[in-house]
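*Asks:* Following is a predicted model, sequence given first.
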Amino acid sequence: MIYAAIPLILAVVCVSLGRRLLTLLIILGYLEVEGFLKLVSNYNRIVHVGVDIIVLSVTAWAVLAGIVARRGKIPALPWTRLILLYVVWLFLELLNPFSAGLIPSLASYKVHLTMIPLYFLTAAVLREPKDVTRFIYCLAALALVPYVAALMQYALGPSSVLDLSARAWQNISYYHEWRPFGTSAVPGGSSVIAFLVTPLAMVLLTAPREWPRMRLVATLCIALAAGVFIVSGVRQVLLGCVLAIVVMVGLALSRGRGRGAFALVFVVALAVGAYTGVQTFLKPMARESIRNERNLPDIWRQTDVTDRLLTLTQSSTYLASRMNPYAGIKLRITRYPFGAGLGRTGSAAGTFQNVLTADPHGARIQSEVGFSDNFFADMLVEVGIPGTLILTTILLGMLWGAVSLARQAQDPVVVTTAAAIAGLYFAIVAMSWGSQPLLGNPITAYFWVLAGVLAAMRRMETEALARDMAAEPELTAVPA
């Protein structure tokens with residue numbers, strides 16, 4: 001099938017390019033459309049693990065080249081030892097006595113392991129601050145694809161997506177309103193890209209001396225992202241994005257940078273404009289397309305996804321949803337302190353459901369720990385207390401590293417980018433109580449990529465400091 005050939009071809013291209021910025025952009029660009037390819041290929045097995053194939057191919061080739069050239073040393077980056085400890089623990093989990101088998105366990109590496117090499121790849125390809133702004137500029141440009149797709153689908157109605165694949169109907173049938181897929185595999189999925197890219201796009205607005213076209217693309221990216229949030233109805237990522245921006249601007253203002261406050265006002269204005277545009281132009285088109293469509297749930301004709309924003313003013317939205325994970329966490333800690341076996345949550349659990357429940361013992365375990373709207377609860381299932389503590393420490397450590405860099409760096413690009421990353425990491429920590437952001441792409445991939453950006457910027461600051469010290473004239477001793 002032609003769709004299965006796409007990730008294989010891109011893997012060859014990325015291997016031939018080697019460790020370059022273009023390689024990283026191809027990986028992230030493919031990640032943004034992989035969901036669409038999954039739908040139209042009816043979840044072809046190769047397409048389902050397409051981005052993993054590309055990343056692992058690049059990693060394997062880099063390791064092989066290092067061995068041949070006798071450069072097998074692991075890069076000296078922050079948190080490397082703890083990351084390697086986490087990897088070792090993941091391999092030890094293959095021996096977990098509660099495991100449902102080797103295949104489901106290896107399949108779970110899709111969410112736990114395969115994106116970690118992006119940390120080292122990103123740190124290697126970003127060498128100076130202008131590389132960081134170019135990288136963010138390209139991310140903002142790539143994000144326009146899922147944004148435009150989502151907004152067009154919302155206006156054109158369900159036929160713009162549901163005719164592509166029977167799996168699309170399966171993925172949306174239990175929703176109470178029509179939600180566009182964008183280029184994702186789930187309704188509202190493009191809003192996750194908006195959450196990840198919007199704070200980064202603000203870097204192009206706040207950093208001085210950027211090209212005019214960078215600011216133009218950033219403005220367009222933020223405006224369309226606001227529209228995507230409105231038509232997607234995924235309230236948690238919208239609140240996460242707001243939280244990330246507030247943290248980012250707060251760190252910028254703590255350094256006395258007024259551009260952060262100006263950028264916040266500008267973003268609010270863009271959001272108001274996007275809301276007005278959706279309500280004025282896109283919503284009437286969407287309602288008309290649904291009225292003319294047959295074989296749709298009646299509730300879709302009665303409600304609209306944009307109405308979900310009104311629930312953000314209701315206290316029950318924050319006080320009643322996903323507020324009782326304590327019992328599940330306690331059960332997992334007491335009964336499965338070293339995990340209940342890899343692959344019992346996430347995409348692997350859906351794919352291997354029959355394997356996980358093939359015997360009464362496995363079915364009982366799966367009924368106890370199969371799913372939870374809480375990152376920590378699901379991590380306890382997969383990797384137990386040790387693995388959960390290690391990854392949480394890495395997350396919090398990188399958050400603190402981003403805050404420190406934003407507070408201490410001298411280069412304005414480094415300051416604003418570190419502040420944006422700090423905001424995103426803080427939002428991921430907050431969202432982890434009501435979802436599993438680090439147990440699925442694109443957030444998992446972006447987490448490791450942004451960690452690589454932090455490591456690269458930390459190196460840039462160290463090298464800049466060394467150059468400044470070397471440039472200082474030597475002090476001559478004055479005899480007494």
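*Replies:* Ah, there it is.
*Asks:* Buried residues, stretch 407-421. List them.
*Replies:* Buried residues in stretch 407-421, counted by 16 or more other CB atoms under 10 Å: 409, 411, 412, 413, 414, 415, 416, 417, 418, 419, 420, 421. Using the backbone N, CA and C atoms, a C-beta is placed for each residue, glycine as well.
*Asks:* just the residues you listed now: which is nearest residue 347?
*Replies:* residue 421 (26.2 Å; CB to CB).
*Asks:* what separates that closest one from residue 296, distance-wise?
*Replies:* Plainly put, residue 421 is 41 Å away from residue 296 if you go by CB to CB, to the nearest Å.
*Asks:* Tell me the one of the buried residues of stretch 407-421 nearest residue 120?
*Replies:* Nearest to residue 120, judged by CB to CB, of the buried residues of stretch 407-421 is residue 421 at 17.0 Å.
*Asks:* so which strand or helix has that closest one?
*Replies:* Assigned by DSSP states H and E, residue 421 belongs to helix 412-431.
*Asks:* Check the offset of that helix from the chain's centre.
*Replies:* Chain-centre distance of helix 412-431: 13 Å, with CA atoms, centre = their mean, to the nearest Å.
*Asks:* That one packs against which elements?
*Replies:* Judged by 3 or more CB pairs under 8 Å, 6 or more residues apart in numbering; DSSP states H and E, helix 412-431 is in contact with helix 129-156, helix 190-206, helix 235-254, helix 259-277, helix 375-408, helix 443-471.
*Asks:* Which of these sits closest to residue 107?
*Replies:* Evaluated with CB to CB, the helices and strands packed on helix 412-431 place helix 375-408 nearest to residue 107, the distance being 11.8 Å.
*Asks:* Next, the buried residues of that closest one.
*Replies:* 375-384, 386-388, 390-392, 394-395, 398-399, 401-403, 405-406.
*Asks:* ditto for stretch 95-108
*Replies:* In stretch 95-108, the ones that count as buried by 16+ other CB under 10 Å are 96, 98, 99, 100, 101, 104, 105, 107, 108.
*Asks:* now those as TSV including distance to residue 78 and pLDDT?
*Replies:* Output for the buried residues of stretch 95-108, formatted as TSV (distance: CB to CB, whole Å; pLDDT from 0 to 100):
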residue	distance to residue 78	pLDDT
96	29	94
98	34	93
99	32	90
100	35	87
101	36	89
104	33	90
105	29	92
107	30	91
108	26	92
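*Asks:* ok, those vs residue 173, which is closest?
*Replies:* Once CB to CB is applied, the member of these that ends up nearest residue 173 is residue 107, at 25.3 Å.
*Asks:* so what's the closest one up against?
*Replies:* 343, 347, 348, 351, 352 (CB atoms under 8 Å, 6 or more residues apart in numbering).
*Asks:* okay, residue 474: pLDDT?
*Replies:* pLDDT recorded at residue 474 is 52.
*Asks:* again with the one 3 residues further on
*Replies:* For residue 477, the model assigns a pLDDT of 47.
*Asks:* what do you get for residue 454?
*Replies:* 97.
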